[in-house]
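Student: quick one: sequence plus predicted model below, questions after.
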Amino acid sequence: MQPSGNLHIGNYLGALKNWVRIQHDYECIFCIVDLHAVTLFQEPAQLRAKIAEIAAIYLAAGIDPQACSIMVQSAVPAHTALAWMLTCVTPVGWLERMTQYKVKSAKQESVSDGLLQYPVLMAADILLYQAGIVPVGEDQAQHLELTRDIAQRFNSLFGDTFVVPGTSLPAVGARVMGLDDPTQKMSKSETAANHAVALLDPPDKIRKIIMRATTDSNPAVDFETAGPGVLNLTAIYQAFSGSSDDEIKLQFTGLRYGELKKQVADMVIAHLEPFQQRYRQIISDPSYLAGILRAGAERVAPIANSTVELVKQRMGLYT
Ligand code: AMP
């Protein structure tokens, strides 16, 4: 995750919740991608604080630092080294086609080269560790496809080098939509007051935002005709509760929208309140957090460095 903006329930349901679920099934590396954050301007002191905030959020959500590595991207220089080598085998046309690049660059007066190359750095983040599976939200699926294309292109040019990674999307919550506008993805960079529920929002604010969520003109929930706003609310409830499709239909069909929103708000608050308590405890201990991040970087650096060495050999670079 990028240490920019405020993490919201889309980040949690699309990615973090899934990470916690699979953390003991795989050898997991969870990265805080500060080099991605600076593709758009970040105020330096704020960026630093955000890195600690994200680490504390990972831990408060239930990532176990004994079982997994939690690290900061810029603490392992191999990320940028591999990114350059991959840049040299990636056609610019592939990058210009990326949806996120088109959306983000349209909002900028001047577009940095970093914003265009962002998906190559992301490919490096993944391929460095020969990752088998990358658990992300749906908005990252296109970047994962590009990562596979880059890996395959490199393998065909220089011989088998990289594992071609798979994408793992959650069954529910892979694309949480904005509460003010359910036709748009919930996004950290969107600043409208009722757009997102941030993971650290106080309960009364969470309730207010959900009670104001955009729905449609039906009088009550009807899954046959429901608009995207209602389906977004029931999906949020389902992703937090773990209920099945049938249970959700049974619970909400015929319910008036005010009651639907109340139940969604109760469910979100019931999950976020204990999470926020753990977060406050963890963030109040900076040396504990720094130790976890240092240990994470120390654990993964040898894997990353050996991949860079292999890539250098394959390409004929000086080793
Ligand atoms: P980012 O906001 O780019 O740092 O994304 C961190 C993770 O959250 C990525 O795996 C994204 O796919 C995921 N994510 C971001 N926004 C959403 C959303 N609205 N719904 C579901 N997953 C999301």
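Tutor: Great, that's in hand. Numbers count the residues shown, from 1 in each chain.
Student: get me the contact residues on the stretch 101-250 of the chain for the ligand.
Tutor: Along the stretch 101-250 of the chain, the residues adjacent to the ligand under the rule CB under 6 Å from any ligand atom are 136, 137, 139, 140, 174, 175, 176, 185, 186, 188. In this view, the C-beta of every residue, glycine as well, is placed from N, C-alpha and C.
Student: could you work out the most separated pair of these?
Tutor: For those, the maximum inter-member distance is 16.7 Å, found between 174 and 188 (CB to CB).
Student: these two: which is more packed in?
Tutor: residue 174 (21 against 17; other CB atoms under 10 Å).
Student: could I get the full set of strands for the stretch 51-200 of the chain?
Tutor: In the stretch 51-200 of the chain, the strands defined using DSSP state E, counting those that start in this stretch lie at 69-72, 133-135, 166-168.
Student: anything in the first one near the ligand?
Tutor: No. Residues of strand 69-72 are not located near the ligand by CB under 6 Å from any ligand atom, the shortest gap being 13.7 Å.
Student: tell me which residue in the stretch 51-200 of the chain sits closest to the ligand.
Tutor: residue 137 (2.3 Å; CB to the nearest ligand atom).
Student: thought residue 23 was touching residue 64, still the case?
Tutor: Yes. Taking contacts as CB atoms under 8 Å, residue 64 lies within contact range of residue 23: 6.1 Å.
Student: which of the two has more residues huddled nearby?
Tutor: When neighbours are counted by other CB under 10 Å, residue 23 comes out ahead of the other of residue 64 and residue 23, with 17 against 13.
Student: tell me the helices and strands packed up against the helix or strand of the chain with the lowest mean pLDDT.
Tutor: Sorting the helices and strands of the chain by mean pLDDT, DSSP states H and E puts helix 99-106 at the bottom, at a mean of 92. Other helices and strands packing on helix 99-106, by 3 or more CB pairs under 8 Å, 6 or more residues apart in numbering; DSSP states H and E, are helix 113-127, helix 141-158.
Student: and those, which is most packed in?
Tutor: Mean neighbour counts were compared across the helices and strands packed on helix 99-106 using mean count of other CB atoms under 10 Å; the top stretch is helix 113-127, at a mean of 22.
Student: contacts for that helix, please.
Tutor: With contacts defined as CB atoms under 8 Å, 6 or more residues apart in numbering, helix 113-127 is touched by 31, 33, 35-36, 38-40, 73, 79-80, 82-83, 86-87, 90, 92, 95-96, 98, 100-101, 104-105, 108, 134, 140, 143-144, 146-147, 150-151, 162-163, 165, 307.
Student: got it, and stretch 213-221?
Tutor: For stretch 213-221, the surrounding residues in contact (CB under 8 Å, 6+ apart) are 179-182, 194, 225-227, 229-230, 232-234, 252-257, 260-261.
Student: okay, the helices and strands packed on helix 99-106 in a markdown table with mean pLDDT next?
Tutor: Shown next, in a markdown table, are these (pLDDT from 0 to 100):
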| stretch | mean pLDDT |
| --- | --- |
| helix 113-127 | 96 |
| helix 141-158 | 98 |
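Student: that older thread, please list only the buried members of the contacts of helix 113-127.
Tutor: Buried members of those, scored by 16 or more other CB atoms under 10 Å, are 31, 33, 35-36, 38-40, 73, 79, 82-83, 86-87, 90, 95, 98, 101, 104, 134, 140, 143-144, 146-147, 150-151, 162, 165, 307.
Student: sorry, back to before: with pLDDT and distance to residue 244 added, can I get the residues of the stretch 101-250 of the chain next to the ligand in CSV?
Tutor: Shown next, in CSV, are these (pLDDT from 0 to 100; distance: CB to CB, whole Å):
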residue, pLDDT, distance to residue 244
136, 96, 24
137, 96, 21
139, 95, 25
140, 96, 26
174, 97, 17
175, 98, 19
176, 98, 19
185, 96, 25
186, 97, 23
188, 91, 30
